Every structure is written in C-alpha cells, then in structure tokens.
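K.L.:
fold the following for me, if possible:
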Amino acid sequence: MKNKDYKTIHVITPETDEEYDMLQEILSESRNRLPKLEAMTKEERIEYFRRGLFPRKLDFELDFGSTVIHVNTRFAENSKENVIDRVRRVSDKIN
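P.N.:
Predicted coordinates:
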C-alpha cells in the first residue's frame, strides 16, 4: 500500500466455525476491494467505510414459533461474549 500511517494491528481469533466462515468471507471481499481502496484518499476511505463496512445486515429476527426476537447489534469494547454465543444463550432461555 502507498500510505503507511498504520498504528495497530488487531488479531482476531475465531472461536467457532461460523465466525471463521464469516471472517473468510470478509477477507475475500476485502481482497477484491484493495485496488479501489488504494486509489482513494484517506478521507474517501473513511467515508467509504462509514457508508457500509459489513457485507451483511447485522440486525435480524429469530423466530421461535410463538416468540420472535428482533436482534439489534451493538458493539462493546470490553464484552466477554461474542455475538453468536449471546444469540445462543438467549435462544436457550426461550426453548
């Protein structure tokens, strides 16, 4: 890359097959975007990611027959539970 003003690199370790598959999909899509992103200015890249970083919608509904849960995704830096584990925990309480 042309601009090397990086400060940190975060390492992500997937804990489940679903997390691994999702990360692989994101990485694959990112590789396809690199030439376009490299040609952008820093400000253009920031705006590009603000408009939609994730390839899929993060808010969704879970239908448990007579109960429907609408999941609104929020991120917390100090969370000890990932999204998949939280959804499983909530769904176990319903069943």
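
K.L.:
so what's residue 83 closest to, chain neighbours aside?
P.N.:
residue 73 (6.7 Å; Cβ to Cβ, 6 or more residues apart in numbering). Every C-beta, even on glycine, is put in place using the N, C-alpha and C of the backbone.

K.L.:
could you measure from the one you found over to residue 82?
P.N.:
Separation of residue 73 from residue 82 (Cβ to Cβ, to the nearest Å) stands at 11 Å.

K.L.:
repeat that for residue 89.
P.N.:
11 Å.

K.L.:
who has more neighbours out of those two?
P.N.:
residue 82 (14 against 10; other Cβ atoms under 10 Å).

K.L.:
which residues touch the more buried one?
P.N.:
If you count contacts by Cβ atoms under 8 Å, 6 or more residues apart in numbering, residue 82 has them with 15, 19.

K.L.:
repeat for the one 3 residues further on
P.N.:
Listed by Cβ under 8 Å, 6+ apart, the contact partners of residue 85 are residue 15.

K.L.:
could you rerun that using 10 Å?
P.N.:
15, 16, 19 (Cβ atoms under 10 Å, 6 or more residues apart in numbering).

K.L.:
same question, residue 91
P.N.:
62, 64, 67, 69.

K.L.:
for the residue lying closest to residue 23 once chain neighbours are set aside, which three-state class applies?
P.N.:
Once flanking residues are discounted, residue 23 sits nearest to residue 14: 5.6 Å by Cβ to Cβ, 6+ apart. Here residue 14 is coil, with the state taken from DSSP: H, G, I helix; E, B strand; the rest coil.
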